[in-house]
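Student: can you look at this prediction? I've put the sequence above it.
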Amino acid sequence: ATSKSRPMGAYKYLQEIWRKKQSDALRFLLRLRAWEYRHLPRIHRATRPSRPDKARRLGYKAKQGFVIYRIRIRRGGRKRPVSKGITYGKPVTQGVKYLKFNRSLRSVAEERVGRTCANLRVLNSYWVNQDAVYKYFEVILVDPNHNAIRNDPRMQWITKPVMKHRELRGLTAAGRKSRGMQKKGTGTKKLRPSRRGVWKKLNSVSLRRYR
C-alpha cells in the first residue's frame with residue numbers, strides 16, 4: 001500500500017483523539033482523571049502511561065528499566081518571596097506580583113521528580129491533565145543500572161555519568177526550550193553555549209603571555 005492509502009494504526013488514532021481536547025469523550029475522560037489524580041500523592045509512580053502514544057513518541061518503551069512517575073504542580077506565576085512585600089532596592093525590582101518564572105511548569109515537574117528519584121535518569125515528560133489549581137505531568141525515567149538499558153545500543157547514552165540530573169542542567173526538551181535552544185540565527189547570539197557562558201566570555205580579559 002502507498003503512504004496515502006495506508007490505514008491508521010492504533011497509536012495514530014490515539015494521537016488524533018488527544019488533539020481534540022474539547023470533544024465530549026476527552027472532556028469526560030479528563031474530568032474523571034483529574035478527580036482521580038487529586039486524591040493521589042503529589043508524586044507517585046504510575047503503572048503505565050496515561051498517554052501511551054505520547055510516551056512512545058518521547059522515547060518510552062514498555063520494557064524493563066523504564067518507569068513513569070506522575071506529578072502535580074501548582075499553577076500560576078511566581079510571587080516574589082519577600083516579607084510583607086518589602087523589597088529594599090531600586091524601583092525596577094520592587095515588583096512582587098505579576099512576575100513569571102523563567103522555566104515552564106513542565107520543567108519544574110521534571111526537576112522535582114528527578115530530585116525524588118535520584119537514582120533514575122529523566123528522559124522526557126508530557127502534560128496529562130489540569131484543573132483550576134494544578135497541572136499534572138507524567139515524567140519518563142530510565143534506570144541506568146538495569147542491564148536491559150545498559151545492553152540496549154539505543155539507550156546506552158543515558159547511562160553515562162555526564163547524564164546525571166539532566167533535568168537540573170536544562171538538558172531535557174523542556175529545559176532546552178526555556179534556554180532558547182529551539183531558536184537559531186537572529187537574536188540567539190547570546191544564548192549559546194549559555195547566557196552565563198557568553199557573559200563570562202565577554203567579561204573576561206585574556207592577554208597574551210610574555211615569553
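Tutor: Everything's here; your move.
Student: for the protein, give me the ranges with low pLDDT.
Tutor: Along the chain, segments meeting pLDDT under 70 span 1-3.
Student: ok now the helix ranked longest in it, how far from the chain's centre?
Tutor: Looking across the chain with DSSP state H, the single longest helix is helix 24-38. Put simply, helix 24-38 sits 22 Å off its chain's centre (CA atoms, centre = their mean, to the nearest Å).
Student: what is that helix packed up against?
Tutor: Applying 3 or more CB pairs under 8 Å, 6 or more residues apart in numbering; DSSP states H and E, one finds that helix 24-38 contacts helix 10-19, strand 121-130, strand 134-142. In this view, the C-beta of every residue, glycine as well, is placed from N, C-alpha and C.
Student: tell me the angle it makes with helix 10-19.
Tutor: Computed with axes from the mean of the first three to the mean of the last three CA atoms, to 10 degrees, the direction of helix 24-38 lies at 90 degrees from that of helix 10-19.
Student: tell me the helix or strand right after helix 24-38.
Tutor: Counting by DSSP states H and E, the next helix or strand C-terminal to helix 24-38 is strand 43-46.
Student: next, the buried residues of that next one.
Tutor: Neighbour-count burial for strand 43-46, with 16 or more other CB atoms under 10 Å as criterion, is recorded at I43, A46.
Student: ditto for stretch 163-181
Tutor: Quick answer for stretch 163-181 (16+ other CB under 10 Å): M163, R166, E167, G170, T172, A173, A174, G175, K177, S178, R179, M181.
Student: restricted to helices, list these.
Tutor: A173, A174, G175, K177, S178.
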